[in-house]
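In: mind looking at a prediction? Sequence and model below.
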Amino acid sequence: DVKVTQSSRYLVKRTGEKVFLECVQDMDHENMFWYRQDPGLGLRLIYFSYDVKMKEKGDIPEGYSVSREKKERFSLILESASTNQTSMYLCASSSAGGGEKLFFGSGTQLSVL
Amino acid sequence: GENVEQHPSTLSVQEGDSAVIKCTYSDSASNYFPWYKQELGKRPQLIIDIRSNVGEKKDQRIAVTLNKTAKHFSLHITETQPEDSAVYFCAAIFFSGGSYIPTFGRGTSLIVHP
């Protein structure tokens, strides 16, 4: 069965902390995505990667960075967490091509206090 | 980039009624339009999709229609059941930075009353 695994389901951090959110997929997918989900705002793209060591900014990249050192792993980094980054973070992956299904992880609910 | 508008934000129906959710997109180059369902506390999952060379697609009680000229597409659910209650997201796929990027609508919360 296809799997996209996010390392934490719930995370509580302090303002100013550096936060790492990890995502691993076992489908040998080329594309990986980080979305942020907030009520009423839907799924907003933070960053995506279409190959190892490649990264592209999405719609809301400010305050975030990413790392993709291996094909199966895509990490989202909050350099200095702020309260307005409290949100649900969803990782997704898909194979290369223009019309491929997205597989989502179960999400990480991050609270920044 | 692409912009996807989705309406309504909330839809309340009685069991057995039909439900329709509508989306519009801005990039005429978009050619793939999936719909995702997210049940409470769970991850979004693909329920149906349509490509730009097709006008309509059905899968049991679910259907999607696409009007490329008007740049809008819709999800139709017939004979709704309580288990259809969820948030539904439409998406349009556009090409950027060497890859195809899904852009999502803001979601529709569908409530089916027994």
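Out: That came in fine, so what should we check first? Numbering: from 1, shown residues only, chains lettered A, B, ... in the order given.
In: rest of the way, CA atoms for contacts and neighbours
Out: Will do.
In: near chain A, which residues of chain B show up?
Out: For chain B, the contact set with chain A under Cα under 8 Å from any Cα of the partner chain comprises B:9, B:31-32, B:34, B:42-46, B:51, B:89, B:93-95, B:97-100, B:103-107.
In: list the buried residues for the longest strand along chain B?
Out: Counting residues, the longest strand in chain B under DSSP state E turns out to be strand B:86-96. Within strand B:86-96, the residues that qualify as buried are B:86-95, counting by 16 or more other Cα atoms under 10 Å in any protein chain shown.
In: can you check stretch B:50-58 too?
Out: B:50-51, B:56.
In: ditto for stretch A:70-81
Out: Neighbour-count burial for stretch A:70-81 [16+ other Cα under 10 Å]: A:71-78, A:81.
In: now stretch A:91-106
Out: A:91-96, A:98-106.
In: kindly report the same for stretch A:19-34.
Out: A:19, A:21-25, A:27, A:29-34.
In: once you drop chain neighbours, what's closest to the closest residue to chain B within chain A?
Out: Per Cα to the nearest Cα, residue A:42 is where chain A lies closest to chain B, at 3.8 Å. Distances taken as Cα to Cα, 6 or more residues apart in numbering or on different chains put residue B:106 closest to residue A:42, at 3.8 Å, once the chain neighbours are dropped.
In: the worst-scoring helix or strand of chain A on mean pLDDT near chain B at all?
Out: Within chain A, no helix or strand scores below strand A:56-57, which has a mean of 92 by mean pLDDT, DSSP states H and E. Yes: interface with chain B: strand A:56-57 contributes residue A:56 (Cα under 8 Å from any Cα).
In: show me what from chain A comes close to chain B.
Out: Residues of chain A lying near chain B by Cα under 8 Å from any Cα: A:31, A:40-45, A:50, A:56, A:96-99, A:101-107.
In: bridged to residue B:101, which residues?
Out: residue B:94 (DSSP bridges).
In: what does the one 10 residues further on give?
Out: Taking DSSP bridges, one obtains residue B:12 as the residues bridged to residue B:111.
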